Every structure is written in C-alpha cells, then in structure tokens.
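S.K.: quick one, what's the 3D model for this:
(one chain, ligands or ions: 2)
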Amino acid sequence: MQKILVEGGNLLKGRVKISGAKNSAVALLPAAILAESPVTIEGLPDISDVETLSHLLEEIGGVVTKEDDQGLTIDPANMTSMPLPNGKVKKLRASYYFMGAMLGRFKQAVIGLPGGCYLGPRPIDQHIKGFEALGAQVTNEQGAIYLRADELRGARIYLDVVSVGATINIMLAAVRAKGKTVIENAAKEPEIIDVATLLTSMGAKIKGAGTDVIRIEGVDQLYGCQHTIIPDRIEAGTYTILAASQGEEVVIDNVIPQHLESLLAKLREMGVEIIEGEEQLTVRTREKLKSVDVKTLVYPGFPTDLQQPFTALLTKAQGTGVVTDTIYQARFKHIDELRRMNAQVKVEGGASIVTGAVQLEGAKVKASDLRAGAALIIAALMADGITEITGVEHIDRGYERITEKLLALGANIWREEMSEQEVEQFQNS
Ligand SMILES: CC(=O)N[C@H]1[C@@H](OP(=O)(O)OP(=O)(O)OC[C@H]2O[C@@H](n3ccc(=O)[nH]c3=O)[C@H](O)[C@@H]2O)O[C@H](CO)[C@@H](O)[C@@H]1O
Ligand SMILES: C=C(OP(=O)(O)O)C(=O)O
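M.R.: Numbering: from 1, shown residues only. Ligands and ions are numbered 1, 2, ... in the order given. Here you go, the predicted structure:
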C-alpha cells in the first residue's frame, strides 16, 4: 500500500495532458459485450477502474488485448453469461454496466451490487425500473442482482431521477430489445454521448443522446468497431482548479472546453484568467482570488465530481464561499481532513461553508474517496510543509499517473510504501 507525500509551496508551471474520460471508459468497456466481433477503444486512461473492468471482461470469456496509444481491443465472441456476484464487481461503481450489457446480449445476468466512492446512499432503483420496463425480471438475492428476460421489448421509460448510470445502463440493454425505447428525463452528460457514439458505430440506432429524451430502435446484432474516447472533463477540471490555486501559468492539453463551462465561469468570477483554445486551456492567476458560492447540478451544471477539489481552492480565496451538493448530500468526508490542515470549513445541511484566505498547514490526512483525494492534493500543494495522504487507491481509480503529471508541472510530490504499522493504523481508522 502506498501513500502520497507533497511538500507544498511550489508554483506550478508548464503543460499537462489530460487522459481519456474515466466515466466514459467504464461504460465503453462493458458496451463491447454487446458486439459479435472485436471492439477497439483508443485513448483509455491508465487507471485502476479500467484494469478492474478488463479483468471482469476476461472473467466472462472476453479476450482483451493491449494496443498502442493506450488502446484495448475486446473480442467478445466467446463471452458467456457467467455470474459475477462477488469479487472485482464490488471494487468500483461502474460494474453495474455489466447488468445492461449482459442483459442486452444474453438476456440474463447475475451481478453483485456495485462499490465505488461512498458518497452517501447510491441506489440503483432507476436502472432496475428501466430493465423491468424492457421485460426483465429483476431480483436482489444476497447482495447480487439477478436479471432474466425471455425477450427484451422496447418501452417508454421516464426516469424519476436524472441518472447518468441509469441512462447508460438502459441504453445498453435497449439497443438489443425488440422495437422502440424512449428514455425520458435522461441525463445529458458528455459521457452519454460518447457511449451512444460507440454503440452507433457498432450498428445501434440511437437518437437524442445528450438531450433529455433518447430514442432507441432495437437491432438484432451489433458488430465490432474502433472508437476514440473523449477527454476526461473531471480530470481537466481538477488540473484547472489546481492551476488556479497554485499555478503561475499552466497549459492543459486535450480538453473540450465546452464540457467545463460551469467551472470556467466560476473560476473567472473568482479572478482566474483562462484562455480557451480549441482543445486547450491556459490558466493564469494574477490577482487575489475572491470567494464564490457554487451549487452542484446535473450536466451542464457544476459537476458534483469537482465540488470537493473546488472547496480546497476556496480556502485560498478572500471571503466566505458556500458549496452546496444537490446530487450527493453527504459528499463532505474531505472536510474533516481539510480541517486537519487548518482549513476553516463547516458543514451545514448539504453544504460546506468555507472561510477563505487561510494558510493551510501540512498534515497526515486520509482520502476517503476519489475526489476527496484530489481535494487533499490541491490543499497539500498550497500548504506550508509536508502533507501525507493515505487512501491512494481511491485516487488511482480515476487519475492517471497523478504524481508524475504534477512533478512535471514543478510540484514536489512523491509516493512511498506504507510501513506495516501505518497500514494497520490506516485500516483501523
Ligand atoms: C461511473 C460514473 O459515471 N460515475 C458518475 C455517475 O455516477 P452514478 O451514475 O452512480 O450517478 P447518478 O447520475 O446515477 O446519480 C445521480 C443521483 O441520482 C440518484 N440515483 C441514481 C440512480 C438511481 O437508480 N436512483 C437514484 O436515486 C443518486 O443517488 C444521485 O443522488 O454520475 C455521478 C453524478 O454525476 C458522478 O458523481 C459519478 O462520478
Ligand atoms: C464518484 C465518482 O466515481 P464512481 O461513480 O466511479 O464512484 C467520481 O468519479 O467522482
């Protein structure tokens, strides 16, 4: 087990290249189950979620081959509807996409309830509502979801909650259903468009991805194809926040700036200078930052996945900022850790209230989840002295080579193996 150490204070300067989107990758890989011949996905991020999903694809009989340029080819020809009730499915959230994809291809699946970041309750009732509407029988037996259908039939499905996972999962099953499916109140995140683009290249008929009504005409067969993933808007947002907090001038390459408009607007309000290129952002901070309030919303609103990193930045700004998370009202585990670093933050209801312009101090802290980890790294880069961050396995689920990328920008950051005693303390904390 490793920990990350950061000596704060260095100003960041240079360029950083953003990797492929985690939240696309984790759906694109299971989508390959639906094809009859090999699917190649290019530009995948080198993160542990991708590795775990590749192993799961192999467990059900897929042949996964590494390509140049971080591509993977998945040959689904010999896959079976092997049950996956336990094991790796519990390591990440997106294993739930095996439900939709295996239901679509085999008309049956047994998948353990997913893991992923604990952000308060994360039900999957809307996924199940969608599968049932398509004709599947769904039961929960000892923590695994059993799905079975004699035939999948297209249906009109209204999502009671706007859900990224449910929208994609229903799309995965519906592309192989008989007839027409309409998903109403669908999520509009760019990752949904990316998955729909892959499915369309495989032969699916999908209209409206990226709007709140998606129409799907089921087809009998899907085929292999080649697809290049979109850049990770959350990783890009994290580096943008990082550059705003401790950057002299940082150029962020391989970005779709339109995917980050809500964040960029808030940063500009704070006094950060951002120049948007076609696939690039240049971030400069010349003046003292002013606090702002943010409220997370579904896309194109401010993303919940950037709420925690943004809170770390607010500790530097003049004034008080309120961060309200309307998606996950319990996504505040990073706050206690930021407090250990001298941050003046309190949580009230579904919001954190940050009193800014405070000098953070290095401390021993624990990343409780992926974006809490990103928030702690940002705080550590601004802090006086050395910060030790445990819970690195969460960070490695979603940030490719984060220590190397930051080192190249001039940060003083490194990894160390934890001693046996530290591992024990960590596991008991
Ligand atoms: C792998 C992946 O893509 N993860 C992202 C995805 O998670 P995930 O797909 O799990 O998140 P959802 O969009 O489904 O969740 C949004 C909200 O709907 C609720 N809900 C969701 C499904 C359901 O069946 N019932 C229900 O009540 C959730 O508790 C949450 O409050 O979108 C989240 C919201 O942008 C991001 O934070 C995650 O990074
Ligand atoms: C919450 C996240 O991921 P997951 O849904 O995979 O747990 C995230 O990416 O911030």
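S.K.: wouldn't residue 77 be in contact with residue 36 here?
M.R.: Yes: with contact defined as Cβ atoms under 8 Å, residue 77 and residue 36 form a contacting pair (6.7 Å). Quick note: C-beta positions are derived from backbone N, CA and C, even for glycine.
S.K.: which strand or helix spans residue 122?
M.R.: Using DSSP states H and E, residue 122 is not contained in any helix or strand.
S.K.: for it, give me the pLDDT.
M.R.: Looking at residue 122, its pLDDT is 90.
S.K.: check residue 119 too.
M.R.: We have a pLDDT of 86 for residue 119.
S.K.: who in the stretch 251-400 of the chain is up against ligand 2?
M.R.: Within reach of ligand 2 by Cβ under 6 Å from any ligand atom, the stretch 251-400 of the chain has these residues: 305, 370-371, 398.
S.K.: and these, which of them are in strands?
M.R.: With DSSP state E as the criterion, strands contain none of those.
S.K.: restrict those to those near ligand 1?
M.R.: Applying Cβ under 6 Å from any ligand atom to those, those adjacent to ligand 1 are residue 305.
S.K.: give me the residue from the chain nearest ligand 2.
M.R.: Ligand 2 sits closest to residue 116 of the chain, with a gap of 2.9 Å, by Cβ to the nearest ligand atom.
S.K.: that residue reaches residue 93, doesn't it?
M.R.: Yes: using Cβ under 8 Å, residue 116 is in contact with residue 93, at 2.6 Å.
S.K.: near ligand 1, which residues of the protein are found?
M.R.: Residues of the chain lying close to ligand 1 (Cβ under 6 Å from any ligand atom) are 23, 26, 93-94, 122-127, 161, 163-166, 187, 304-305, 327-328.
S.K.: just the buried residues of those.
M.R.: Buried subset of the residues of the chain next to ligand 1 (neighbour count, 16 or more other Cβ atoms under 10 Å): 23, 26, 93-94, 122, 124, 126-127, 163-166, 187, 304-305, 327-328.
S.K.: give me the subset of the residues you listed lying in helices.
M.R.: Among these, the ones falling in helices (DSSP state H) are 23, 26, 126-127, 164-166.
S.K.: output stretch 367-382 as CSV, nothing but the C-alphas.
M.R.: This file holds the C-alpha atoms of stretch 367-382, laid out as CSV (Å, rounded to 0.1, in the frame of the first residue of the first chain):
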residue,chain,number,x,y,z
ALA,A,367,-8.6,10.3,1.1
SER,A,368,-12.0,8.8,1.8
ASP,A,369,-12.9,8.7,-1.9
LEU,A,370,-11.5,9.7,-5.3
ARG,A,371,-12.3,13.4,-5.4
ALA,A,372,-11.6,13.8,-1.7
GLY,A,373,-8.1,12.6,-2.7
ALA,A,374,-7.9,15.3,-5.4
ALA,A,375,-9.0,17.9,-2.9
LEU,A,376,-6.3,16.9,-0.5
ILE,A,377,-3.6,17.0,-3.1
ILE,A,378,-4.7,20.5,-4.1
ALA,A,379,-4.7,21.6,-0.5
ALA,A,380,-1.3,20.0,0.1
LEU,A,381,0.2,21.9,-2.9
MET,A,382,-0.9,25.2,-1.2
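S.K.: now residue 218. Nearest residue, chain neighbours left out?
M.R.: Spatial nearest neighbour of residue 218, excluding adjacent residues (Cβ to Cβ, 6 or more residues apart in numbering): residue 177 at 4.2 Å.
S.K.: same check on residue 129?
M.R.: residue 157 (7.1 Å).
S.K.: the one you found: how many residues sit nearby?
M.R.: Counted with other Cβ atoms under 10 Å, the neighbours of residue 157 add up to 23.
S.K.: equivalent analysis for the one 5 residues further on, please.
M.R.: Residue 162: 18 surrounding residues under other Cβ under 10 Å.
S.K.: give me the residue from the protein nearest ligand 1.
M.R.: When distances are taken as Cβ to the nearest ligand atom, the chain reaches nearest to ligand 1 at residue 165, 2.8 Å away.
S.K.: surely residue 422 meets residue 390?
M.R.: Yes: counting by Cβ under 8 Å, residue 390 is a contact partner of residue 422 at 7.5 Å.
S.K.: which neighbours do those two have in common?
M.R.: 1, 3 (Cβ atoms under 8 Å, 6 or more residues apart in numbering).
S.K.: out of these two, which sits in the more crowded spot?
M.R.: Between residue 422 and residue 390, counting by other Cβ under 10 Å, residue 390 is the more crowded of the two (22 against 16).
S.K.: show me what contacts that one?
M.R.: For residue 390, the contacting residues are 1, 3, 364-367, 418, 422, 426, by Cβ under 8 Å, 6+ apart.
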